[in-house]
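**Q** Turn this into a structure:
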Amino acid sequence: MTDGRSSSWFQRLLLPGFAFKAVVIGGGYATGRELAEFFLPSGPRGGLAGMFLAMAIWSAVCVVTFLLARAAHLLDYRAFFKQLLGPFAVLFELSYFPYVVLILSVFGAAAGSLGEVIFGWPNLYGTLCLMAGITLFTAFGNTAVEHLFKWVSIFLYVVYGAFLILGLIRFGSAIPAHFAVPAASDGWAVGGLTYAAYNIIGAVVILPVVRHMRSDRDAIAAGLLAGPLAILPAVIFFVCMCAFYPQVLNETLPSDFMLRQMHFQGFHLAFELMIFAALLESATGSVHAVNERIAAAYRRRRGGELPGSARSLITAVLLSASIFLAARFGLVTLIARGYRMLAYAMLALYVIPLMTLGVWQLCRERRTTRKPLRRELL
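**A** A predicted model of the protein is given here:
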């Protein structure tokens, strides 16, 4: 693990949040279907409450994850869970592979729908374009993936900012009215917790970025920023969605539905391309974590780096399995059923152990090294 002395403030403080957002957005809100599934049923006000709960959970878990990773020099999810769960780490391994396949299935189905909507392609073509992009970026390791996170994030925030402005111009007058009308807001806590839980795995997927952090202060600051950086585009999108509540609940691609209401074809294309880029960075982050886990084992046994051809082969295997699921079940079913199962698994195998056993391990590590966090922050 590097000491981070040559790392910039961007790499130490903002890159972790951008990387976390990169993993979250594809399965979290790129198409808007996820927000409709977990937050809109609680109404505009209840949905926002659920989103802010998810943000708080993400920040708290990211802080503890980054601190523990720094303290024990853990830069891949296998090492992290071996430290956290000991002999039970295999349970996470067994759940992570289905997670990656499911996530890639959702992304593949979404990419196929985008290709169909934008270009009138057969559904498979958009999925194949996404596969090609994932294979390209994962073949070149950490540097290529981090550059993808950086530039796609800049593109994404610019597009979401423009989306907010155009949304307020075109249908902004309808938004306050829907927030003012009383609506059932029960279930927002469950929605926020479930949404946070199935996305929170992003905190361990991006562990390679921890190598840039110089101190625990960096880990805390980066963790606290990760939640807001990840949720901000979702809040923008959700507020605009509320202009069409409740009919938008039934749209497979709420993003496409809302863009059609703007009647701005040029921006419509830019937004759809941004969604594809978001799917690409999310899928790349998830597959890259698998590659890094295998690369660490390869390094220990062979003493060298995992070849790019091997990374591409691993990617191809994961993507092939995901295409089958995407074709078999479709986007709405995968999100509605698969994500809830993932949420329960992540709560049981990651969030609860981390916030109990992980905090205890972190405190023990500090007692052993006699380096209190409070002293470092002063």
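**Q** Any buried residues in stretch 174-182, and which?
**A** Residues of stretch 174-182 classed as buried: 175, 178 (neighbour count, 16 or more other C-beta atoms under 10 Å). (Glycine included, C-beta is placed from N, CA and C.)
**Q** if you average pLDDT over that stretch, what comes out?
**A** Mean per-residue pLDDT for stretch 174-182: 85.
**Q** just stretch 71-82 next, same as before
**A** For stretch 71-82, the per-residue pLDDT values average out at 89.
**Q** quick one: residue 349 and residue 85 touch, right?
**A** Yes - Residue 349 lies in contact with residue 85 (C-beta atoms under 8 Å); the separation is 7.3 Å.
**Q** any common contacting residues for the two?
**A** Common contacts of residue 349 and residue 85, defined by C-beta atoms under 8 Å, 6 or more residues apart in numbering, comprise 91, 92.
**Q** Settle it for me: which of these two has more neighbours?
**A** More crowded of residue 349 and residue 85, by other C-beta atoms under 10 Å: residue 349, with 22 against 18.
**Q** Burial check on residue 87, number of neighbours?
**A** For residue 87, the neighbour count with other C-beta under 10 Å is 7.
**Q** so where is the stretch 251-378 of the chain shaky, pLDDT-wise?
**A** Along the stretch 251-378 of the chain, segments meeting pLDDT under 70 span 323-339, 369-378.
**Q** Can you name every helix or strand that the helix ranked longest in the chain contacts?
**A** Longest helix in the chain, counting residues (DSSP state H): helix 265-302. Counting contacts by 3 or more C-beta pairs under 8 Å, 6 or more residues apart in numbering; DSSP states H and E, the secondary-structure elements packed against helix 265-302 are helix 15-28, helix 77-85, helix 89-119, helix 123-138, helix 141-171, helix 202-205, helix 254-262, helix 308-329.
**Q** Buried ones in it, by neighbour count?
**A** Across helix 265-302, burial judged by 16+ other C-beta under 10 Å covers 268, 270-272, 274-296, 298.
**Q** Okay, angle between it and helix 15-28 too, please.
**A** 110 degrees (axes from the mean of the first three to the mean of the last three C-alpha atoms, to 10 degrees).
**Q** pretty sure residue 214 is touching residue 11, no?
**A** No - at 10.0 Å, residue 214 does not count as touching residue 11 under the criterion of C-beta under 8 Å.
**Q** who has more neighbours, the two?
**A** The neighbour count for residue 214 versus residue 11, taken as other C-beta under 10 Å, is higher for residue 11 (19 against 16).
**Q** out of everything not next to it in sequence, what's closest to that one?
**A** In this structure, residue 11 finds its nearest non-sequential neighbour in residue 212, 4.0 Å apart by C-beta to C-beta, 6 or more residues apart in numbering.
**Q** Would you mind measuring from the one you found to residue 15?
**A** Separation of residue 212 from residue 15 (C-beta to C-beta, to the nearest Å) stands at 7 Å.
**Q** Quick check, residue 295 in contact with residue 306.
**A** Yes - here residue 295 lies in contact with residue 306, judged by C-beta under 8 Å, at a distance of 3.9 Å.
**Q** does residue 305 sit in a helix, a strand or a coil?
**A** coil (DSSP: H, G, I helix; E, B strand; the rest coil).
**Q** Would you confirm that it contacts residue 296?
**A** No - counting by C-beta under 8 Å, residue 305 stays clear of residue 296, with 10.6 Å between them.
**Q** Tell me the confidence at the closest residue to residue 275 other than its chain neighbours?
**A** The spatially closest residue to residue 275, leaving aside those adjacent along the chain, is residue 30, at 4.8 Å (C-beta to C-beta, 6+ apart). Predicted confidence (pLDDT) at residue 30: the value is 75.
**Q** Run a quick check on residue 71 versus residue 364, I expect a contact.
**A** No - taking contacts as C-beta under 8 Å, residue 71 lies outside contact range of residue 364: 9.6 Å.
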